[in-house]
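Chemist: After the sequence you'll find the predicted model.
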Amino acid sequence: MPTTLTNEEIQRYSRHLILPEVGMEGQIKLKDAKVLLVGTGGLGAPLALYLAAAGVGTIGLVDFDVVDASNLQRQVIHGTKDIDRPKIDSAADSMLDINPNLKIVKHEVPLTSENAKEIVEQYDMVADGTDNCPTRYLVNDVCVLTGKPNIYGSIFRFEGQASVFATEDGPCYRCLYPEPPPPGLVPSCAEGGVLGILPGVIGLIQATEVVKMILGIGQTLQGRLMLYDALNMKFRELKLRRNPDCPSGKCSVVKELIDYKQFCGIPDVPPAPVASAGDLEVTEVKSMIDSGEDFILVDVREPHEYQIASISKATLIPLGQLPMRLSELSKDSNIVCHCKSGVRSAKAVDLLKQSGYLRVRNMKGGILGWSDKVDPSVPKY
Amino acid sequence: MAKILIPTPLRQFTGGADTIEASGATVGELLAALTTNHPDIKKNLFNDEGKLRSFVNIYVNDEDIRYLSKEATEVAAGDTVSIIPSIAGGR
């Protein structure tokens, strides 16, 4: 039976219906469309809200995370009341509140090489709002293999990228980035921070491309990489070319789904934190302070982190400056290093030991542990 | 002189600068000038054999140097050279 619009829908979509480029025909295309959103975070939030409002009939959501207070600065689909709820439930509630006509399909699982094809095959196209290298390549490859366009966006600090990949004749993510960078060479988003508004801009560029592709109007970002610089408010675009070895409709690189963690150089089991016998618990450091023990507490975080939260005894020497500032620390002093969670301070301890410091230990758990176990008035960030 | 646009993840190696002016007739010469003045950026752009890393995309204006003459691509005064790194953030 051909899809029709109810009177309620005609009223709801009237501003679309009076646009000749959309009209009844276009709105029915939107209603018939099935779009998969991978991630309901920074990019997924604006995508989901606007696609729901625009009347995209079936929206699949892939997410298995829960809402955290630190998400709310940018993931506008979730509210304060949703903290600790599954993101997929919180997102679905917001979308259905805007548009109860929607069909939402929840995939509350991580997208993997095993389940990706089965999930993606149910949709017309995929909007990628993921946040890590393995899933980026997985989404790309499954789109290439199933012939579904990949509406791509990514963000970092003040900068964003958007494009449309894996259309029949267009380039894919691997045409732009044949190989992933080794882990650790570029800082992750959680380390680097992100301007809260940035994913709104990039997510809505993706949403625009989704709607245009469903309607078959305008020129998409196929073959172009849009770069957005929020600090200087500049949009630029670069030409993207399909790998010359790939004939139309066929990719010469992607043959099957692989182990993407391995491809991105990420070990399956994260290496155990380098615990050395000399590590101290936060409570032990607290006792050392209380008993007046003679030691130097070195905070190796960045100055802007120190401003958020600090331990009063600590001396700030950011990890990056440590090699140049060794003269400030006497070789025979008793030193304890700390950071946010204990990873950077472990590096600092290694560096100091290599530089000839003998009495140097790491405070496990960092200032987050300090807030949990010693002083809850220290905020966690 | 041509402009090299430094992407956010690499600005930590250029003292925060988002644009570096450098002289050179080719992309290779410009990047050599960049890494001479900012040695810390080198390992992010080149591998141990001194070859451009495959995940680093270099554009002259809006064209990928892979489809021009790679590092021998000529750069005229006023051209813009962009380094496009992969960024994965989305949440």
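Modeler: Perfect, thanks for sending it. Numbers count the residues shown, from 1 in each chain, chains lettered A, B, ... in the order given.
Chemist: quick one: contacts for the closest residue to residue A:170 other than its chain neighbours?
Modeler: Nearest residue to residue A:170, sequence neighbours excluded (CB to CB, 6 or more residues apart in numbering or on different chains): residue A:222, at 4.0 Å. In this view, the C-beta of every residue, glycine as well, is placed from N, C-alpha and C. Residues near residue A:222 by CB atoms under 8 Å, 6 or more residues apart in numbering or on different chains: A:163, A:164, A:167, A:169, A:170, A:171.
Chemist: Ranking by neighbours, what's the top pick from those?
Modeler: residue A:163 (28 neighbours; other CB atoms under 10 Å in any protein chain shown).
Chemist: where exactly do the strands run in chain B?
Modeler: Ranges of strands in chain B, per DSSP state E, are B:2-5, B:19-22, B:57-60, B:63-64, B:80-84.
Chemist: May I have the phi/psi pair for residue A:337?
Modeler: The phi/psi pair for residue A:337 (degrees, to the nearest 10) reads phi -110, psi 140.
Chemist: Hmm, residue A:348 and it touching each other?
Modeler: Yes. The pair residue A:337 / residue A:348 is scored as a contact, 4.4 Å apart, by CB atoms under 8 Å.
Chemist: between these two, who's got more neighbours?
Modeler: Between residue A:337 and residue A:348, residue A:337 has the larger neighbour count (other CB under 10 Å), namely 29 against 23.
Chemist: Against residue A:375, how distant is the more buried one?
Modeler: Distance, residue A:337 to residue A:375, using CB to CB, to the nearest Å: 18 Å.
Chemist: Determine the longest helix present in chain B.
Modeler: helix B:27-37 (DSSP state H).
Chemist: now the angle between strand B:80-84 and that helix, please.
Modeler: For helix B:27-37 against strand B:80-84, the angle by axes from the mean of the first three to the mean of the last three CA atoms, to 10 degrees is 70 degrees.
Chemist: Go through helix B:27-37 and flag the buried ones.
Modeler: Residues B:27, B:28, B:29, B:30, B:31, B:32, B:33, B:34, B:35 are the ones in helix B:27-37 that count as buried (16 or more other CB atoms under 10 Å in any protein chain shown).
Chemist: The fifth one touches residue B:45, doesn't it?
Modeler: What that stands for is residue B:31. Yes. Assessed by CB under 8 Å, residue B:31 is found in contact with residue B:45 at 6.5 Å.
Chemist: sorry, back to before: among the buried residues of helix B:27-37, which are within reach of chain A?
Modeler: The subset of the buried residues of helix B:27-37 lying close to chain A, counting by CB under 8 Å from any CB of the partner chain, is empty.
Chemist: Out of the residues you listed, the closest to residue A:232 would be?
Modeler: Set against residue A:232, the nearest of those by CB to CB is residue B:34 (19.9 Å).
Chemist: any idea how far the closest one lies from chain A?
Modeler: Residue B:34 sits 17 Å away from chain A, taking CB to the nearest CB, to the nearest Å as the criterion.
Chemist: Hmm, residue B:22 and that residue touching each other?
Modeler: Yes. Judged on CB under 8 Å, residue B:34 makes contact with residue B:22 at a distance of 5.6 Å.
Chemist: what's the overlap in contacts for those two?
Modeler: In contact with both residue B:34 and residue B:22: residue B:4, using CB under 8 Å, 6+ apart.
Chemist: Tell me which of the strands of chain B is the most buried.
Modeler: Mean neighbour count, computed with mean count of other CB atoms under 10 Å in any protein chain shown, is highest for strand B:57-60 among the strands of chain B, reaching a mean of 22.
Chemist: contacts for it?
Modeler: By CB under 8 Å, 6+ apart, strand B:57-60 touches A:176-177, A:238, B:27, B:31, B:52, B:64-66, B:68, B:71, B:73, B:75, B:79-85.
Chemist: Distance-wise, check the residue nearest to the spatial centre of chain A relative to chain B.
Modeler: The residue lying closest to the centre of chain A (CA atoms, centre = their mean) is residue A:131, at 2.7 Å. Applying CB to the nearest CB, the value for residue A:131 to chain B is 4 Å.
Chemist: ditto for residue A:367
Modeler: Counting by CB to the nearest CB, the gap from residue A:367 to chain B is 22 Å.
Chemist: Is that residue in a helix, a strand, or coil?
Modeler: helix (DSSP: H, G, I helix; E, B strand; the rest coil).
Chemist: quick one, what contacts it?
Modeler: Applying CB under 8 Å, 6+ apart, one finds that residue A:367 lies in contact with A:299, A:301, A:309, A:310, A:311, A:338, A:339, A:340, A:378.
Chemist: now do residue A:313
Modeler: Counting by CB under 8 Å, 6+ apart, residue A:313 touches A:289, A:297.
Chemist: count of neighbours near whichever residue of the stretch 1-150 of chain A sits closest to chain B?
Modeler: Nearest residue of the stretch 1-150 of chain A to chain B: residue A:41, at 3.2 Å (CB to the nearest CB). By other CB under 10 Å, 26 other residues sit near residue A:41.
Chemist: Which positions in chain B make contact with chain A?
Modeler: B:7-9, B:18, B:43-44, B:53-55, B:57, B:59, B:62-64, B:67, B:82, B:84-91.
Chemist: Are any of those buried, and if so which?
Modeler: If we count by 16+ other CB under 10 Å, the residues of chain B next to chain A have these buried: B:7-9, B:18, B:44, B:53, B:55, B:57, B:59, B:64, B:82, B:84-91.
Chemist: Residue A:361: what secondary structure?
Modeler: Secondary structure, three-state DSSP: residue A:361 is strand.
Chemist: so who does the residue lying closest to it once chain neighbours are set aside touch?
Modeler: Using CB to CB, 6+ apart and skipping residues adjacent in sequence, the residue nearest residue A:361 is residue A:278, 4.3 Å away. For residue A:278, the contact set (CB under 8 Å, 6+ apart) comprises A:349, A:360, A:361, A:362.
Chemist: helices and strands of chain B: which one bottoms out on pLDDT?
Modeler: Within chain B, confidence by mean pLDDT, DSSP states H and E is lowest for helix B:42-45 among all helices and strands, at a mean of 88.
Chemist: so after the helix or strand of chain A with the lowest mean pLDDT, what's the next helix or strand?
Modeler: One helix or strand of chain A scores below all others by mean pLDDT, DSSP H and E: helix A:189-192, with a mean of 60. Sequence order places helix A:198-215 as the next helix or strand after helix A:189-192, per DSSP states H and E.
Chemist: The next helix-or-strand element following that following helix versus strand B:80-84: what angle between them?
Modeler: Going down the chain from helix A:198-215, the next helix or strand is strand A:224-229, by DSSP H and E. Taking the same axes, to 10 degrees, strand A:224-229 and strand B:80-84 form an angle of 90 degrees between their directions.
Chemist: chain center to strand A:224-229: distance?
Modeler: 18 Å (CA atoms, centre = their mean, to the nearest Å).
Chemist: In terms of secondary structure, what does that strand contact?
Modeler: On a contact count with 3 or more CB pairs under 8 Å, 6 or more residues apart in numbering or on different chains; DSSP states H and E, strand A:224-229 meets strand A:159-165, helix A:198-215, strand A:234-239, strand B:80-84.
Chemist: Which one, of those, ends up nearest to residue A:24?
Modeler: Of all the helices and strands packed on strand A:224-229, helix A:198-215 comes closest under CB to CB, at 12.1 Å.
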